[in-house]
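1. A structural model of the following input is requested.
(2 chains)
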Amino acid sequence: MKKIRAIIDTAIRRGQKTLSEYDSKKVLAAYGIPVTREVLAKTLVDVRAAAKKLKYPVVLKACSDDTIHKTEKGLLAVNLASDKAVVDAFRTLKKRAGQNYGGNFLVQEMVGGHRELMIGMIRDGQFGPSVMFGLGGIFTEILEDVVFRVAPLRKRDTLAMMRGIKGHKILSAFRGMPAVDLNLMSDSMIALGKIALDHPEIEQIDVNPLIIKGSRPVAVDALIVLDT
Amino acid sequence: MTRRNPAQTAHHLEKFFSPKSVVVIGASATPGKPGNVVIRNLQANGFEGKIYLVNPRGGEIEGLKVHTSITDLPDNIDQAIITLPAAATMETIRDCAAKGIMSIVLAASGFAEVDPSGAQLQADLKKTIMETGVRVLGPNTTGHVSMPSNFTSSFFPLGRIPRGNVSYITQTGNFSGISLRHIMSAENFGVCRVAGLGNKIDVDEADLLDYLGQDPETKSIFLYLEGIKNPQRFMRVASKVTRKKPTFLLMGGVSNAGASAALAHTASLASDERIIDGALAQAGITRLFKYSHLFQVAKALACMPLPAGNRVSFLSPSGAFTVCMTDLCLSVGLEVPDIEDKTRARLQDISPSFIRMRNPVDIFGSVALHSFEFSYGEAMEAVLKDKNIDAVVAILMITDETGVPSYDFIIDLAKRYPAKPIYVTFMGQHNHNVAAKAYLERHDVPAFMLVEEPFEVLGILNRCRMAMKGE
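-> Got it, this is the predicted structure:
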């Protein structure tokens, strides 16, 4: 927890509005939310070594505290299945990021799974920290199939949240996919509320997508917004 | 505003709801003026406490002596109802406090809900409240009602208010005014406590919910709010209350369009729809979405229990109703299950053999064969006895040609099967329906003019049952 404190304090001291994906996930992981295996790298040499270590296929992302909306900016390459693909992707991302880009690159395990969910947190002016659950990925904005509860959450709240979205069947077994581990989902949501209560400097959290790998959720992208 | 200690708040609320003495400041001899209507309402309801009146002109109003100033009053009157204009409020409160009158209803409008100068008055009022330590309901409220004490501070002409076990906390004066008149004249159930919150400068929904949660006279609680003053405290209180008492809330002004209207109405801000929805679910509050459900659901609980489950049986004189009302039940989370074999056999006994009897109960053939009272009575009793059924709705069809039956068999069934709710609704000739509804409701059987209403109500009560269990 001391490390988490230090990450947040440093970011605030530097005037950052957000934590980088890498640091955001450090915070999540400290509270037990499953995140992707990933390595932060600066140079092509480091990126290639990391990819090899994580095993192909991997994902490569630009990663700094001001890199948000990576997909829209083309700063993300997925399903890189070989060293050559990693090298090509690195060059492309570096070009897109521009000459002035001083940030890092994040090499990440490619999480296989067809189901994308989302959890998040906002600080409501009236009710205080509120945790969200809903469909993730591109469906977040299209369907707006989300529910909220106010932190701290109890397990019966998180179970009600999962029952409460229109697309709740996504959590059941279907098309050969196993049912989602509701206990793990529940723990992750409770943890998000706890992060908010422990750290008043955190204004918002997005964990999107939270990909279901087999039956287990994994935070594939994350963003923590600070109250500055 | 800083929080006061809960024991003190309960003490002051006791003086609002069970006063032994009250003073109307701004008493008026002119019929129709708030300062006059309040007195007439108190007298019409047989308030047994002492009523004092203050008006600088003195004399006598409605047979009561008028004091010319607050300083002339005896000390420690339990409650003051102030019907003076906003500008006169601050001085009046100080005078009340000096006389030991610490619970005050402020009827005046013209505060924050109006304009910036009103907002300044409201800020001054807040300061005065803090300095004097009085407790205030309002301002900008029609007042409140407390039937266990035969008491009301309402300045809306009400006459005698029927007493019941349903209580209201509303951010509108309606439930001490026109909506109460509707309840009294059209819905035929009684109320216990009603509080119009007004601008909530001091006493708020959380204070009142806490009080009503512990009030032995209150069996169910209905709230209408346009904003929640202290949401986190409100949720804490509600989580406790909803374990014991069915609690419902209609939240007005949640959509953007509603929010600007709310600002003009009682100067409050709306919060995000989805967060409210989640927060209320966590607190065990059942959300309502229609204003009329504030009295239709209340009526259902006023004299019938909360259904033990979601399984409904209904009697219908038409095939179309059996189909459409089954669809409606399923869409609001109710079941229309199969009935027991012995129930089905009994229903078949009283029917022509060409109708295959089941749930929902197609009663028309039986009525043609026997009589209205026999067929409805036997069929209702059969499904009431069925262990697969939690609630029964009878759709009556009465016309000049069918003749008007006695409804006493329904009242009798309600008495003999008190664990399962019985509701009545109609299709047929309006004048007979109106008369039947009034008769049944006066004998504690809720009736609904439109055929969908009892099923919508049962759907809401089912949500309530689950909310109270934390599901």
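2. pull the distance from stretch A:18-29 to the chain's centre.
-> Distance, stretch centre to chain centre, for stretch A:18-29: 8 Å (CA atoms, centre = their mean, to the nearest Å).
3. how about the residue of the stretch 351-471 of chain B found nearest chain A: what's its closest non-neighbour residue?
-> Residue of the stretch 351-471 of chain B nearest chain A, by CB to the nearest CB: B:G470 (5.5 Å). Heads up, the C-betas are built off the backbone N, CA and C, glycines and all. Spatial nearest neighbour of B:G470, excluding adjacent residues (CB to CB, 6 or more residues apart in numbering or on different chains): A:R156 at 5.5 Å.
4. can you tell me the element the one you found falls in?
-> In this structure, A:R156 sits in helix A:155-164 according to DSSP states H and E.
5. count of neighbours near the residue nearest to B:G470?
-> A:R156: 14 surrounding residues under other CB atoms under 10 Å in any protein chain shown.
6. beyond the lowest-mean-pLDDT helix or strand in chain B, next helix or strand please.
-> Here the helix or strand of chain B ranked lowest by mean pLDDT, DSSP states H and E is helix B:256-266, holding a mean of 32. Later in the chain than helix B:256-266, the nearest helix or strand by DSSP H and E is helix B:273-282.
7. who's in contact with that next one?
-> Helix B:273-282 is contacted by residues A:124, A:126-127, A:130, A:146-150, A:157, A:160-161, A:164, B:231, B:235, B:238-239, B:249, B:251, B:254-255, B:287, B:467 when judged by CB atoms under 8 Å, 6 or more residues apart in numbering or on different chains.
8. go on, stretch B:390-397?
-> Here stretch B:390-397 makes contact (CB under 8 Å, 6+ apart) with B:307-318, B:321, B:325, B:364, B:376, B:380, B:383-384, B:410, B:420-428, B:433, B:436, B:451, B:454-455, B:458.
9. can you select the buried ones among these for me in PyMOL?
-> Of those, the buried ones go into a single PyMOL selection, burial set by 16 or more other CB atoms under 10 Å in any protein chain shown:
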select buried, chain B and resi 307+310+311+312+313+314+315+316+317+318+321+325+364+376+380+383+384+410+420+421+422+423+424+425+426+427+428+433+436+451+454+455+458
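10. quick one, helices of chain A?
-> Applying DSSP state H to chain A gives helices spanning A:2-13, A:21-30, A:44-54, A:70-73, A:83-97, A:139-143, A:155-164, A:182-198.
11. these: lowest mean pLDDT?
-> Of all the helices of chain A, the minimum mean pLDDT falls on helix A:70-73 (a mean of 74).
12. list the buried ones in that helix?
-> A:K70.
13. give me the contact list for it.
-> Applying CB under 8 Å, 6+ apart, the external contacts of helix A:70-73 come out as A:61-62, A:67, A:76, A:96, A:221.
14. and those residues, which are buried?
-> A:61-62, A:67, A:76, A:221.
15. which two among those residues are spaced furthest apart?
-> Greatest spatial distance among the buried ones among the contacts of helix A:70-73 (CB to CB): A:A62 and A:D221, at 12.3 Å.
16. indicate the residue of chain B located nearest to chain A.
-> Here chain B gets closest to chain A at one residue, B:G278, 3.9 Å apart by CB to the nearest CB.
17. nearest residue to that residue other than its sequence neighbours?
-> A:F148 is the one closest to B:G278 (CB to CB, 6+ apart), at 3.9 Å.
18. neighbours around the one you found, how many?
-> Residues near A:F148, counting by other CB under 10 Å: 26.
19. isn't it right up against A:P129?
-> No: using CB atoms under 8 Å, A:F148 is not in contact with A:P129, being 10.4 Å away.
20. how about the residues of chain A that lie near chain B?
-> Counting by CB under 8 Å from any CB of the partner chain, chain A comes close to chain B at A:124-128, A:130, A:146-150, A:156-157, A:160-161, A:164.
21. quick one on the thing from earlier: taking the contacts of helix A:70-73 one by one, which sit in strands?
-> Residues of the contacts of helix A:70-73 located in strands (DSSP state E): A:61-62, A:76.
22. now, which of these sits nearest chain B?
-> A:L76 (29.0 Å).
23. picking that back up, can I get the buried ones among the contacts of helix A:70-73 in a markdown table including pLDDT?
-> Compiled in a markdown table, the buried ones among the contacts of helix A:70-73 are given as follows (pLDDT from 0 to 100):
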| residue | pLDDT |
| --- | --- |
| A:K61 | 95 |
| A:A62 | 93 |
| A:T67 | 68 |
| A:L76 | 92 |
| A:D221 | 93 |
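24. up against chain A, what does the stretch 251-400 of chain B have?
-> For the stretch 251-400 of chain B, the residues in contact with chain A (CB under 8 Å from any CB) are B:271-272, B:274-279, B:281-282.
25. recalculate using a threshold of 10 Å.
-> Those residues of the stretch 251-400 of chain B that sit near chain A, judged by CB under 10 Å from any CB of the partner chain, are B:269-283.
26. picking up where we left off before, could you list every helix and strand in contact with the helix holding A:R156?
-> Counting contacts by 3 or more CB pairs under 10 Å, 6 or more residues apart in numbering or on different chains; DSSP states H and E, helix A:155-164 is packed against strand A:115-124, strand A:128-135, strand A:146-150, helix A:182-198, helix B:273-282, helix B:453-469.
27. the residue in chain A positioned nearest to chain B: what's it in contact with?
-> Nearest residue of chain A to chain B: A:F148, at 3.9 Å (CB to the nearest CB). Neighbouring residues of A:F148 by CB atoms under 10 Å, 6 or more residues apart in numbering or on different chains: A:120-122, A:124, A:127, A:130-134, A:161, A:164, B:272-279, B:281-282.
28. one step back: now do the shared contacts for A:F148 and A:P129.
-> A:121-122.
29. is it fair to say B:Q8 lies in a strand?
-> No: according to DSSP: H, G, I helix; E, B strand; the rest coil, B:Q8 belongs to no strand; its state is helix.
30. what is the burial count for it?
-> For B:Q8, the neighbour count with other CB under 10 Å is 12.
31. ok, now B:S185?
-> Neighbour count of B:S185, defined by other CB under 10 Å: 9.
32. try A:G74
-> Using other CB under 10 Å, the number of residues around A:G74 comes to 13.
33. buried stuff in stretch A:143-160?
-> Quick answer for stretch A:143-160 (16+ other CB under 10 Å): A:145-151, A:153, A:157-160.
34. please list only the buried members of the contacts of A:F148.
-> A:120-122, A:124, A:127, A:130-134, A:161, A:164, B:272, B:274-279, B:281-282.
35. pretty sure B:F314 is in a helix, no?
-> No: read with three-state DSSP, B:F314 is strand and lies in no helix.
36. look at the spatially closest residue to it that is not a sequence neighbour and report its pLDDT.
-> Spatial nearest neighbour of B:F314, excluding adjacent residues (CB to CB, 6+ apart): B:V393 at 4.1 Å. Here, the pLDDT recorded for B:V393 equals 98.
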